[in-house]
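Colleague: next come a sequence and a model predicted from it.
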Amino acid sequence: MIHPPAKLVRGMPILGPFAENWENVEKFQARPDDLLICTYPKSGTTWICEIVDQILAVNNAEGCKNAAIFERVPFLEYAVPNMISGTAALDQRASPRIIKTHLPVELLPKSFWDNKVKIIYVARNAKDVAVSYYHFYQMAIVHPEPGTWDEFLDSYIEGKVCFGPWSTHVKGWWQMAKKWDVLYLFYEDMLEDLTREIRKVVKFMGKDLSKELVEKIASLTSFKAMKENKNSNYTTVPSSVMDHSISPFMRKGVCGDWKNQFSVAQNEKFDKYYQREMADCDLSFRS
Ligand code: PPS
């Protein structure tokens with residue numbers, strides 16, 4: 001299935017094959033001891049999943065190196081032909097489960113709210129997300145056709161890429177964090193001081209880990225360590241889903257790569273859009 005078109009689910013563009021499983025996403029049964037990891041795509045999802053799983057694994061004999069990250073932390077809305085869907089994988093999984101989603105606040109299944117599930121949100125600056133997403137659209141070929149970079153950037157600005165507008169996503173979850181049990185983290189803060197951010201996650205999860213263990217987790221979840229680990233770098237995914245010869249999943253892992261991709265005109269256009277979109281919000285990003 002190469003670059004199937006996106007479909008709309010309650011007004012939000014989503015990968016075509018994912019839309020086919022939407023009924024199961026809507027009726028998904030969350031459990032009170034689930035931990036939900038929520039992000040806009042390309043914002044550090046895999047990184048935070050690995051960190052949370054490492055924290056849980058302290059008391060878990062299975063360890064983290066025995067299975068790929070997408071098996072340890074199933075992706076709720078994932079659905080691709082001939083592969084187990086996220087909802088089916090999660091139904092089979094013992095508690096406590098860690099669940100990944102890219103859904104905006106409005107589309108999160110009701111049972112997460114009913115069961116008062118704790119949520120970790122990670123946000124990343126809009127320009128680096130756009131660049132990372134463009135490369136990902138090309139290699140993860142179950143995404144729609146990305147077009148040229150200029151065309152992709154226009155779609156991103158217009159909120160036509162999968163999972164809709166970046167701004168609605170980060171703002172929606174930011175407002176939710178003011179009234180729900182949401183730990184709101186930033187990718188750039190994780191790059192700046194990973195042990196500090198891991199300590200926030202440990203505390204949020206109600207755990208108590210030694211300084212040495214936190215440092216060990218930081219070392220196991222560095223960009224280099226994760227890029228080299230087949231269980232976190234997505235190289236075990238069939239090439240019919242992700243083609244790493246087009247772009248690796250673990251690509252650069254830095255802040256500011258947008259400067260290598262945006263033209264001056266694109267940057268000016270983007271800044272205007274950004275100011276318009278974010279004027280009503282007290283969120284601030286470093287890019
Ligand atoms: S996805 O497909 O939406 O789940 O992708 P996601 O995991 O959110 O984002 C992938 C980007 O995160 C970078 N990444 C990291 N950066 C720094 N340190 C670590 N440990 C790390 N792990 C993943 C990854 O390289 C992608 O960013 P880009 O800019 O493309 O390199």
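Modeller: Good, I have the coordinates.

Colleague: name the residues of this structure found near the ligand, please.
Modeller: Contact residues (CB under 6 Å from any ligand atom) of the chain with the ligand: 39, 41-47, 128, 132, 135-136, 221-223, 226, 250-253, 257. Where you see a C-beta, it was placed from the backbone N, CA and C, and this is true even at glycine.

Colleague: dump the residue contacts of residue 144.
Modeller: Taking CB atoms under 8 Å, 6 or more residues apart in numbering as the criterion, residue 144 is in contact with 3-6, 15-16, 137, 162.

Colleague: could you check how far residue 112 is from the ligand?
Modeller: Using CB to the nearest ligand atom, to the nearest Å, we find residue 112 at a distance of 19 Å from the ligand.

Colleague: wait, is that residue part of a helix?
Modeller: Yes. The secondary structure assignment for residue 112 places it in a helix, going by DSSP: H, G, I helix; E, B strand; the rest coil.

Colleague: run a quick neighbour tally on it.
Modeller: 23 (other CB atoms under 10 Å).

Colleague: nearest residue to it other than its sequence neighbours?
Modeller: Leaving aside its chain neighbours, residue 112 sits nearest to residue 30 (4.5 Å; criterion: CB to CB, 6 or more residues apart in numbering).

Colleague: residue 10 now?
Modeller: The shortest distance from residue 10 to any residue other than its chain neighbours is 6.3 Å, reached at residue 107 (CB to CB, 6+ apart).

Colleague: could you tell me how many residues sit around the one you found?
Modeller: What residue 107 shows, counting by other CB under 10 Å, is a neighbour count of 20.

Colleague: how much space between it and the ligand?
Modeller: With distances taken as CB to the nearest ligand atom, residue 107 is found 16 Å from the ligand.

Colleague: and residue 94, by the same measure?
Modeller: Summarising the geometry, the distance separating residue 94 from the ligand, computed by CB to the nearest ligand atom, is 23 Å.

Colleague: so that residue: helix, strand or coil?
Modeller: With three-state DSSP as the basis, the three-state label of residue 94 is coil.

Colleague: in helices only, show me the residues of the chain next to the ligand.
Modeller: Secondary structure assignment by DSSP state H places 45-47, 128, 132, 135-136, 223, 226 of these in helices.

Colleague: quick test: name the residue nearest the centre of the protein.
Modeller: Closest residue to the average C-alpha location of the chain: residue 45 at 3.3 Å, with CA atoms, centre = their mean.

Colleague: can you tell me which residues contact the closest residue to that one other than its chain neighbours?
Modeller: When the adjacent residues along the chain are set aside, residue 45 lies closest to residue 39, with 4.4 Å between them (CB to CB, 6+ apart). Applying CB under 8 Å, 6+ apart to residue 39 gives the contacts 45, 48, 100, 102, 121-124.

Colleague: for residue 161, give me phi and psi.
Modeller: Geometry field for residue 161 lists phi and psi as phi -80, psi 170, criterion degrees, to the nearest 10.

Colleague: what segments of the stretch 151-287 of the chain are helices?
Modeller: 166-177, 187-192, 194-204, 211-220, 223-228, 264-278 (DSSP state H, counting those that start in this stretch).

Colleague: mind pulling up the pLDDT for the residue in the stretch 51-200 of the chain positioned nearest to the ligand?
Modeller: Scanning the stretch 51-200 of the chain for proximity to the ligand using CB to the nearest ligand atom identifies residue 132 as nearest, at 3.3 Å. The score at residue 132 is 98. That number is its pLDDT.

Colleague: next: residue 60.
Modeller: pLDDT at residue 60 comes out at 52.

Colleague: please apply the same query to residue 2.
Modeller: With respect to pLDDT, residue 2 has a value of 86.

Colleague: count the residues that sit near it.
Modeller: Taking other CB under 10 Å as the criterion, the count of residues near residue 2 is 9.

Colleague: for it, which non-adjacent residue is spatially closest?
Modeller: By the measure of CB to CB, 6+ apart, the closest residue to residue 2 outside its immediate chain neighbours is residue 141, 5.1 Å from it.

Colleague: need the contact list for that neighbour.
Modeller: With the criterion set at CB under 8 Å, 6+ apart, residue 141 makes contact with 1-3, 240-243.

Colleague: rerun at 10 Å
Modeller: Residue 141 sits next to 1-4, 239-243, 246 when contact means CB atoms under 10 Å, 6 or more residues apart in numbering.

Colleague: likewise residue 201?
Modeller: Residue 201 neighbours (CB under 10 Å, 6+ apart): 35, 48, 51-52, 54-55, 120, 183, 185, 190, 207, 209, 214, 217.

Colleague: look up how far residue 29 lies from it.
Modeller: Counting by CB to CB, to the nearest Å, the gap between residue 201 and residue 29 amounts to 25 Å.
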